[in-house]
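**Q** after the sequence you'll find the predicted model.
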Amino acid sequence: MSTELIKITEIIGSYNCINPEDGKKVFQVIAKALHAKQQIIISLGNIEDVTSRFLNSAIGQLYGEFSEEQIKASLTVADDANQDDLALLKRVVERAKEYFNDPEPFEKADKEILGDDE
Amino acid sequence: MKHFVLNNVATNYNGFKELLRLKNALESAIKVDDKNFSLDISKITWFEGNMCACLGGLLAYFKSQGLTISINSDNSEVESYFRRNHFFHFLNLLKQDTTLKVDEETLNKLLKLVSSYENNTSYVEPFPSMNETTIEFKKYKINDLDDFQAYIKESFSLGSKGLPSMTKELLKHFRRSLLEIFLNSVEHADTQRDIFACGQFFPKKQQLDFCITDLGIGIKNNIKRKINLVLNPEEAINWAMQKANTTRKNESGGLGLKLIREFIERNNGRIIIVSDAGYWELKNKQITKKCFDCSFPGTVVLIEINTADTNSYALKSEINPNSIF
């Protein structure tokens, strides 16, 4: 099985990982490699600023298309990331897992608690 | 011509109430088809610069409705301030009776006072908020993310002009918070109208305030439109700030505002959100919810940080890159 190193800053051509639209470009590259059953190492190196929206668009949304098992078995993160960016990615991944495992609570629970006037 | 005298505007409920009083006056001028509106800033002795983002949003909104707004002022200190932070320039506001003149004498006097203030703490400020360090007023098209990002980077990086000494981590979290707010506006405001931003640093209080205003549909209407949940305005803001809540469907996300809340709580700072007729404030980990008797045409998000904060924002234990998924 081949291994692909995906450098986020190279894909988007910037050290600023802000825009969710740029995140989609990263998503497409990772998704293609996942479909090809490749091992993938994601590099967060050289990032200056990063938002949760970018990471959600690039990586969080993978959980809507691939199983948690496949993602866990195929993806790793290179050790060039700083801890702050890793912490943000972990939050985004946790959120995505929660959501795609069971989207209902996100969409229904608060209607029940707060009541819907309509 | 309708004439309106604006009073002092601080960053709190009463400050927004004053701006909503102005909004009502602008609205009534539109209703009676009185297209010329005179905004009198002569009586102002206190205006916190970050609130320019909100005032600018309001004036731009009503200019787009057809009002011609002119500034009436014999208060050269306030006027100089609005000029220095580029507020007049970006809104194309003209002084009512004369061509624009930079009052060099006052400006020089102010610059000396600022210098004196920065070098000598015994100086007593006549207009404290006017003499602090301002972060330039800007307006952005909704799709100007790159420009906004450049502005944030220029204003809030190590070595940025006028920026207080802050840890690199704190600066990074602050920048990220502002970018998340901008993205939130782009995604939820449902508007093509501009976004307004302005900030102010208060050296004595070691406090940095930054305000972002959009002229979109507001949080209450966004929640109603996206998930058909009907809430009153302040409860709608509160709903949006809760961990599990998001108006997105078929995709995860909705973390941005929650991360900002966690950051601000840890920093012991403050968040104010005004949207529709709702007011929501988080300070000292306490939430205050209030309602105005009229609506703001969009959403204002203000974050205030304690610049002396030396907290580490790293997690207690190191994150292993192999344990992310």
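**A** Noted; the coordinates are in hand.
**Q** could you pull out the strands in chain A for me?
**A** Applying DSSP state E to chain A gives strands spanning A:3-7, A:16-17, A:39-43, A:49-50, A:75-77.
**Q** could you export the third one as PDB, CA atoms only?
**A** These are the backbone C-alpha positions of strand A:39-43, laid out as PDB (Å, rounded to 0.1, in the frame of the first residue of the first chain):
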ATOM      1  CA  GLN A  39      -2.000   5.500   3.600                       C
ATOM      2  CA  ILE A  40      -2.000   9.300   4.100                       C
ATOM      3  CA  ILE A  41       0.200  11.500   6.300                       C
ATOM      4  CA  ILE A  42      -1.300  15.000   6.700                       C
ATOM      5  CA  SER A  43       1.300  17.700   7.300                       C
END
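**Q** which parts of chain A are helices?
**A** In chain A, the helices defined using DSSP state H lie at A:8-12, A:20-35, A:52-58, A:68-74, A:83-101, A:104-114.
**Q** buried ones in the longest one?
**A** In terms of neighbour count (16 or more other CB atoms under 10 Å in any protein chain shown), helix A:83-101 has its buried residues at A:83-93, A:95-97, A:99-100. Bear in mind the C-beta positions are built from the backbone N, C-alpha and C, glycine included.
**Q** ok, and which of the residues you listed reach chain B?
**A** Counting by CB under 8 Å from any CB of the partner chain, the subset of the buried residues of helix A:83-101 that neighbours chain B consists of A:83-84, A:86-93, A:95-96, A:99-100.
**Q** remind me which residues of chain B are low pLDDT?
**A** When residues are selected by pLDDT under 70, those of chain B lie in B:93-132, B:314-316.
**Q** can you pull out the helices in it?
**A** B:13-31, B:52-64, B:76-84, B:87-91, B:104-119, B:145-155, B:168-188, B:218-227, B:233-240, B:256-267.
**Q** for the last one, packing partners?
**A** I take that to be helix B:256-267. helix A:52-58, helix B:168-188, strand B:270-283, strand B:286-306 (3 or more CB pairs under 8 Å, 6 or more residues apart in numbering or on different chains; DSSP states H and E).
**Q** rebuild the ones you listed as CSV, extending it with mean neighbour count and distance to residue B:319.
**A** Shown next, in CSV, are the helices and strands packed on helix B:256-267 (neighbours: other CB atoms under 10 Å in any protein chain shown; distance: least, CB to CB, whole Å):
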stretch, mean neighbour count, distance to residue B:319
helix A:52-58, 27, 14
helix B:168-188, 22, 15
strand B:270-283, 23, 26
strand B:286-306, 19, 24
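**Q** ok so, going back, export the helices of chain A to TSV and tack on mean pLDDT and distance to residue B:263?
**A** Formatted as TSV, the helices of chain A follow (pLDDT from 0 to 100; distance: least, CB to CB, whole Å):
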stretch	mean pLDDT	distance to residue B:263
helix A:8-12	97	23
helix A:20-35	97	20
helix A:52-58	96	12
helix A:68-74	96	28
helix A:83-101	93	11
helix A:104-114	53	22
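**Q** which stretch among these comes nearest residue B:171?
**A** With CB to CB as the measure, helix A:83-101 is the member of the helices of chain A nearest residue B:171 (11.5 Å).
**Q** tell me what that closest one is packed against?
**A** helix A:52-58.
**Q** what's next to the helix it packs on, contact-wise?
**A** A:8, A:17-27, A:30, A:88-89, A:91-92, A:95-96, B:180, B:183, B:187, B:251-253, B:255-256, B:259 (CB atoms under 8 Å, 6 or more residues apart in numbering or on different chains).
**Q** can you rerun that using 7 Å?
**A** Contact with helix A:52-58 is made by A:8, A:17-20, A:22-24, A:26-27, A:88-89, A:91-92, A:96, B:180, B:183, B:252-253, B:255-256, B:259, as judged by CB atoms under 7 Å, 6 or more residues apart in numbering or on different chains.
**Q** pick out the residue nearest the middle of chain A.
**A** The centroid of chain A falls nearest to residue A:59 when counting by CA atoms, centre = their mean (1.6 Å).
**Q** quick one: residues contacting that one.
**A** Taking CB under 7 Å, 6+ apart, one finds A:89, A:92, A:93 in contact with residue A:59.
**Q** cool, residue A:41 as well?
**A** Residue A:41 makes contact with A:3, A:5, A:6, A:76, A:78 under the criterion CB under 7 Å, 6+ apart.
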